[in-house]
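Undergrad: Next come a sequence and a model predicted from it.
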Amino acid sequence: MEIKLNDYHKKVNAEKKASVAYWQAHPLSREECLRQLKNLREQRLASLSNW
């Protein structure tokens, strides 16, 4: 089975590759990374507590 990508998939793949290249060139500091992880944990807890 041959995989065929339409223009949408090609565009999304290009955007994702550009994003990965940007973040490889501009990594987050340890403090910023920990801050984002803390925020994500808090968001997850808040969403789970609403169940």
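TA: Now that the structure is in, tell me what you want to look at.

Undergrad: Need the pLDDT of residue 5.
TA: For residue 5, the pLDDT comes out at 83.

Undergrad: And for the one 5 residues further on?
TA: We have a pLDDT of 93 for residue 10.

Undergrad: And residue 51, by the same measure?
TA: We have a pLDDT of 69 for residue 51.

Undergrad: And residue 20, by the same measure?
TA: Note on residue 20: pLDDT of 97.

Undergrad: quick one: buried residues of the strand or helix carrying residue 45?
TA: Assigned by DSSP states H and E, residue 45 belongs to helix 30-49. Along helix 30-49, not one residue counts as buried under the neighbour rule (16 or more other Cβ atoms under 10 Å). From N, CA and C alone the C-beta is placed, and that goes for glycine too.

Undergrad: Restrict it to CA atoms and write it as PDB.
TA: The C-alpha trace of helix 30-49 is given here as PDB (Å, rounded to 0.1, in the frame of the first residue of the first chain):
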ATOM      1  CA  ARG A  30      16.100  24.400  33.000                       C
ATOM      2  CA  GLU A  31      14.100  26.800  35.100                       C
ATOM      3  CA  GLU A  32      11.700  27.600  32.200                       C
ATOM      4  CA  CYS A  33      11.300  23.800  31.500                       C
ATOM      5  CA  LEU A  34      10.500  23.100  35.100                       C
ATOM      6  CA  ARG A  35       8.000  26.000  35.200                       C
ATOM      7  CA  GLN A  36       6.200  24.700  32.200                       C
ATOM      8  CA  LEU A  37       6.000  21.200  33.700                       C
ATOM      9  CA  LYS A  38       4.600  22.600  36.900                       C
ATOM     10  CA  ASN A  39       1.900  24.500  34.900                       C
ATOM     11  CA  LEU A  40       1.000  21.400  33.000                       C
ATOM     12  CA  ARG A  41       0.700  19.300  36.100                       C
ATOM     13  CA  GLU A  42      -1.600  21.900  37.700                       C
ATOM     14  CA  GLN A  43      -3.700  22.000  34.600                       C
ATOM     15  CA  ARG A  44      -4.000  18.200  34.500                       C
ATOM     16  CA  LEU A  45      -5.000  18.200  38.200                       C
ATOM     17  CA  ALA A  46      -7.600  20.900  37.700                       C
ATOM     18  CA  SER A  47      -9.100  19.100  34.700                       C
ATOM     19  CA  LEU A  48      -9.200  15.800  36.600                       C
ATOM     20  CA  SER A  49     -10.800  17.300  39.700                       C
END
